[in-house]
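Student: give the three-dimensional model of this entry:
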Amino acid sequence: MDPARTHKKVPVPDLDRSACLGPDGAVAQVTRCLKMISGRWKLPILFRLYADGLIRRTDFGEKPPRVEYRLTDRGAALMPVLLAARQFAEDHEQASE
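Tutor: The predicted model follows:
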């Protein structure tokens, strides 16, 4: 895996960066990837991440509404931990098969 860097300079493999942030580093991609979470739960999750200071929200005031979510420095600092937890789960899932 070639290491890439997110827009916040967190070193992660290319595939992980795209999966977590999308090609431009926007976390709005996450909501499209979370198909197992119903639409009614996505917004409360995003608001909780915002309240915890992990993402910032930009409302462009357009019609139809357009809102963008991006990682804060605090959210970017959490990325390596989340990726390590995911890797741990993948490793142990394979070991249990």
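Student: ok, which stretches of the chain are strands?
Tutor: 3-5, 11-13, 55-59, 67-71 (DSSP state E).
Student: weakest of the ones you listed in terms of mean pLDDT?
Tutor: Looking at the strands of the chain, the lowest mean pLDDT belongs to strand 3-5 (a mean of 44).
Student: report the contact partners of residue 74.
Tutor: 53-54 (C-beta atoms under 8 Å, 6 or more residues apart in numbering). Where C-beta positions appear, they are placed from N, C-alpha and C, glycine not excepted.
Student: distance check, it against residue 85.
Tutor: 17 Å (C-beta to C-beta, to the nearest Å).
Student: give me the buried positions along the longest helix along the chain.
Tutor: In the chain, taking DSSP state H as the definition, the longest helix is helix 73-96. By neighbour count with 16 or more other C-beta atoms under 10 Å, helix 73-96 contains the buried residues 75-76, 79, 83.
Student: what of stretch 39-57?
Tutor: Using 16+ other C-beta under 10 Å as the test for burial, stretch 39-57 gives 46, 49, 54-55.
Student: now for these, which pair is the farthest apart?
Tutor: 46 and 54 (9.8 Å; C-beta to C-beta).
Student: just to check, residue 56 is in contact with residue 69?
Tutor: Yes: counting by C-beta atoms under 8 Å, residue 56 touches residue 69, with 7.2 Å between them.
Student: any shared contact partners between the two?
Tutor: By C-beta under 8 Å, 6+ apart, the residues touching both residue 56 and residue 69 are residue 50.
Student: lowest-confidence helix or strand of this structure?
Tutor: Least confident helix or strand, the chain: strand 3-5 with a mean of 44, by mean pLDDT, DSSP states H and E.
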